[in-house]
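Undergrad: make a model of this:
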Amino acid sequence: MKNKPTDYDVIIIGGSYAGLSAAMSLGRSLRRVLILDHGQPCNRYTPHSHNFITHDGAVPAAIAQQAKADVLRYPTVEYRSGKAIAVRDISMTVEAATQFSVAIESGPVLTCRKVILATGLKDLLPDIPGFAATWGKTVIHCPYCHGYEFRGRKTGILATGEKAMHLAGLVHHLSPDLTLLTNGNPELNSEQMAKLFNRRIPIHTQAITALEHQDGQLRQVIFADGTALGLDALYAALPYAQQSDIPNQLSCAITGSGHVQVDAFQQTTVPGVYACGDNASPMRSVASAVASGNLAGAMVNHHLVREEF
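TA: Numbering: from 1, shown residues only. Model prediction:
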């Protein structure tokens, strides 16, 4: 039994950098594409984006706006504001071709031949007063994205275990005035402690009760014992989760680090489903998202061609 014609060749769930980049590859190949986006990119708190050539220092929303304008010049690409809430495999054949239905929070159920998940991650912020207000501004996550701007400044790292050691090595190169904060949970072995001591990196193990700031600019960290530590910047290795439940709905394999498992061509473990951007990579940057989206779009087109030709 053959699959029925679909509304689109590809539906891309997530319209930030990765999703838009995938759409451009597909639009240039004259594929019928729908981008679904509900407007919650993970870097929406950050005033400036860095380490992306031609856009270094730009406002993240401005990059996305320009990307959207570029992509929508291609007549076979559509963009719709909305949230995808369910995706089902509705293939009716045992052949290589696939088909999916995509249910939208406010709208009709749509069908497509392939799905690209560019749904991103969500950071799980601790319930510390002042943390949310400083997140993405002076409480930051990535030395490659923010480290140059805070070079040489009085800097802290909020992390423990291997994550603390990884960040300490990267940040110490940029800001020697460095302190490690473990928020009551050190999880450091004697070798790690010795390495930090030898690099003159003090450790504060007390629980943190608040971050004092002015308009998002960190001033000091307040500890449960009443002491305080003045800082200009604080790197935080936060836990995160998939932004969308759709990878689980589709039974996509998830890696031990919590990312959607993809192969070298951005294909998930589910035939016809691809993933790109933060949801499938530990490299959380605009440049990496754009690159993986570009590859995902090209590979989806490649597989569509193989089905047709």
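
Undergrad: show me what contacts the most centrally placed residue in the chain?
TA: Residue closest to the mean C-alpha point of the chain, counted by CA atoms, centre = their mean, is residue 278 at 3.0 Å. Neighbouring residues of residue 278 by CB atoms under 8 Å, 6 or more residues apart in numbering: 18, 42, 120-121, 284, 289. C-betas here are computed from N, CA, C, even on glycine.

Undergrad: residues contacting residue 77?
TA: By CB under 8 Å, 6+ apart, the contact set of residue 77 is 23-24, 26-27, 33, 35, 71.

Undergrad: please name the nearest non-neighbouring residue to it.
TA: Using CB to CB, 6 or more residues apart in numbering and skipping the chain neighbours, the partner closest in space to residue 77 is residue 27 (4.1 Å).

Undergrad: which secondary structure element contains the nearest residue to residue 299 once chain neighbours are set aside?
TA: The shortest distance from residue 299 to any non-neighbouring residue, by CB to CB, 6+ apart, is to residue 265 (4.2 Å). Using DSSP states H and E, residue 265 sits in no helix or strand.

Undergrad: next one, pLDDT for residue 265 please.
TA: As predicted, residue 265 sits at a pLDDT of 97.

Undergrad: before we move on, what about residue 131?
TA: Looking at residue 131, its pLDDT reads 98.

Undergrad: packing partners of the lowest-mean-pLDDT helix or strand in the chain?
TA: Every helix and strand of the chain was ranked by mean pLDDT, DSSP states H and E. The lowest is helix 143-146, at a mean of 92. In terms of contacts (3 or more CB pairs under 8 Å, 6 or more residues apart in numbering; DSSP states H and E), helix 143-146 is packed against helix 161-172.

Undergrad: which other residues reach the helix it packs on?
TA: 143, 147, 155, 157, 159, 178, 180, 182, 187-188, 192, 195-196, 199, 201, 235, 237.

Undergrad: C-terminal to whatever helix or strand residue 9 lives in, what's the next element?
TA: Element membership of residue 9, judged by DSSP H and E, is strand 8-13. As assigned by DSSP H and E, the chain's next helix or strand after strand 8-13 is helix 17-27.

Undergrad: can you tell me which of the contacts of residue 278 end up in strands?
TA: Members of those lying in strands (criterion: DSSP state E): residue 121.

Undergrad: most neighbours of all the contacts of residue 278, which one?
TA: Per-residue neighbour counts (other CB atoms under 10 Å) across the contacts of residue 278 peak at residue 18, which has 34 neighbours.

Undergrad: need the distance between the two termini of stretch 6-16.
TA: For stretch 6-16, the first-to-last residue distance is 24 Å (CA to CA, to the nearest Å).

Undergrad: list the buried ones in that stretch?
TA: By 16 or more other CB atoms under 10 Å, the buried positions in stretch 6-16 come out as 6, 8-16.

Undergrad: surely residue 257 is within a strand?
TA: No - applying DSSP: H, G, I helix; E, B strand; the rest coil, one finds residue 257 to be coil, outside a strand.

Undergrad: correct me, but it touches residue 280?
TA: No - in this structure, residue 257 is not within contact of residue 280 by CB atoms under 8 Å, at 10.5 Å.

Undergrad: of these two, who's got more company?
TA: residue 280 (29 against 9).

Undergrad: and the pLDDT at the more buried one?
TA: pLDDT for residue 280: 98.

Undergrad: out of the contacts of residue 278, which comes closest to residue 50?
TA: Comparing those against residue 50 with CB to CB places residue 284 closest, at 12.8 Å.

Undergrad: list the contacts of the closest one.
TA: Residue 284 makes contact with 42, 121, 141-142, 145, 278, according to CB under 8 Å, 6+ apart.
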